[in-house]
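Undergrad: sequence and predicted structure are below.
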Amino acid sequence: MNVISLLLSATSQGLLWSLLAIGVYMTFRILDIADLTAEGSFPLGGGIAAIGIVNGLHPIVATLLAFGGGMLAGLVTGILNTKFKIPALLAGIITMTGLYSVTSRVMGAPNIALLGESTVFTAAQNMGLSKNNAVILIGLLIVLLVILLLVLFFRTEIGLAVRATGDNPDMSEANGIRTENMKLLGYMISNGSIALSGALLAQNNGFADLNSGVGTIVIGLASIIIAEVLLRNKPIMIRLLTIAAGAIIYRFILALVFELNVEPTDSKLASAIVLVICLSLPQIRAKFTLKKPQTGKKGEKNNASSLKN
């Protein structure tokens, strides 16, 4: 077992998956909404990027189009949730179901091969870098750029309004914030980031697949949980960076499991077990964390009464 090569592979994959985790974080933690659109936005992003590249578009343009497609998917879910008052979970499921047909139409086939086509990683490979190193370099630059833009966004008045809407929608509305519009914006940014992840992973894997979105939201949640176990109650920039680290750790754990000669038929079961462990980390941590001795007013009163006696 070559741990270094496993780590490099996990880092390259984890960086690209971290964009999905950041998108899930937008709705799951900031807006406090369980949005299942992710499982439709992810393959949509991959499909748009793949069909664009195959038809001669520059990989960067195709990737940006994928981001735009994801934002439109998020807009649809947001409208169903805010304007038609459909519960967030059901709105996500409806959009996810519809996106399956939309992605099928866009791709025109269940999968599209990108072998021999130029991708966003090709320029770095032409500089003499290996495939893994090229993906790490470009992936790191894109992830840092996305995190920087999100941090700057959340420092603006609109960004603060989005966060306030997630924290306390009733109070936000009472203070004049148009909470429905803020939710729409949150949905769009979230699904745009998820589609961007799908586009980059399709280019890295060499193909786009119609069914690639199955289980993606759980992978995003696992990365978020790992990040929260590592660091909690930190500024938004640190939180987003730890989510990227959480995605890399998750991919590394998964790579280690697959090194144990797991049968191809059992790969999904192995992935599910890893996910269960990752999602259970907060409970495991709580069980093994020693409780601090209570020293409060009660103890002070007891000491005072003993002094009087």
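TA: Okay, I see it.
Undergrad: can you report how many residues lie near M237?
TA: By the criterion of other CB atoms under 10 Å, M237 has 14 neighbours. C-betas here are computed from N, CA, C, even on glycine.
Undergrad: with the one 10 residues further on instead?
TA: As a burial measure, the neighbour count of A247 was computed by other CB under 10 Å and equals 31.
Undergrad: and the strands in the stretch 101-250 of the chain, which stretches?
TA: With DSSP state E, counting those that start in this stretch, the ranges of strands along the stretch 101-250 of the chain come out as 111-113, 207-209.
Undergrad: closest to V102 out of these?
TA: Closest approach to V102 among the strands of the stretch 101-250 of the chain (CB to CB): strand 207-209, 13.7 Å.
Undergrad: in its sheet, what does the closest one sit against?
TA: Sheet pairing here is set by DSSP bridges, and for strand 207-209 it gives strand 111-113 (antiparallel).
Undergrad: what distance separates the partner strand from the middle of the whole chain?
TA: Here the centre of strand 111-113 is set off from its chain's centre by 23 Å, with CA atoms, centre = their mean, to the nearest Å.
Undergrad: buried deepest among the strands of the stretch 101-250 of the chain, which one?
TA: strand 207-209 (a mean of 22; mean count of other CB atoms under 10 Å).
Undergrad: and for that strand, what's in contact with it?
TA: Strand 207-209 has contacts (CB atoms under 8 Å, 6 or more residues apart in numbering) with 43, 46-47, 49-51, 107, 110-115, 198, 202.
Undergrad: and those residues, which is the shakiest by pLDDT?
TA: Checked by pLDDT, these have L115 as the lowest-scoring entry (90).
Undergrad: quick one, phi psi at it?
TA: Main-chain dihedrals, L115, degrees, to the nearest 10: phi -60, psi 130.
Undergrad: skipping its backbone neighbours, what lies nearest it in space?
TA: G206 (5.4 Å; CB to CB, 6 or more residues apart in numbering).
Undergrad: related to what we said a few turns ago, please, a PyMOL command that selects the buried ones among the contacts of strand 207-209?
TA: Buried residues among the contacts of strand 207-209 (16 or more other CB atoms under 10 Å), as a PyMOL selection:
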select buried, resi 43+46+47+49+50+51+107+111+112+114+198+202
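Undergrad: now, which of the contacts of strand 207-209 sits nearest L231?
TA: Nearest to L231 among the contacts of strand 207-209: G198, at 27.1 Å, using CB to CB.
Undergrad: state the distance from that closest one to L281.
TA: Distance, G198 to L281, by CB to CB, to the nearest Å: 26 Å.
Undergrad: now F258
TA: 20 Å.
Undergrad: also L36?
TA: Between L36 and L281 the computed distance is 23 Å (CB to CB).
Undergrad: where do the helices sit along the stretch 151-300 of the chain?
TA: Taking DSSP state H, counting those that start in this stretch as the criterion, the stretch 151-300 of the chain contains helices spanning 157-167, 169-174, 179-205, 216-230, 236-258, 267-288, 297-308.
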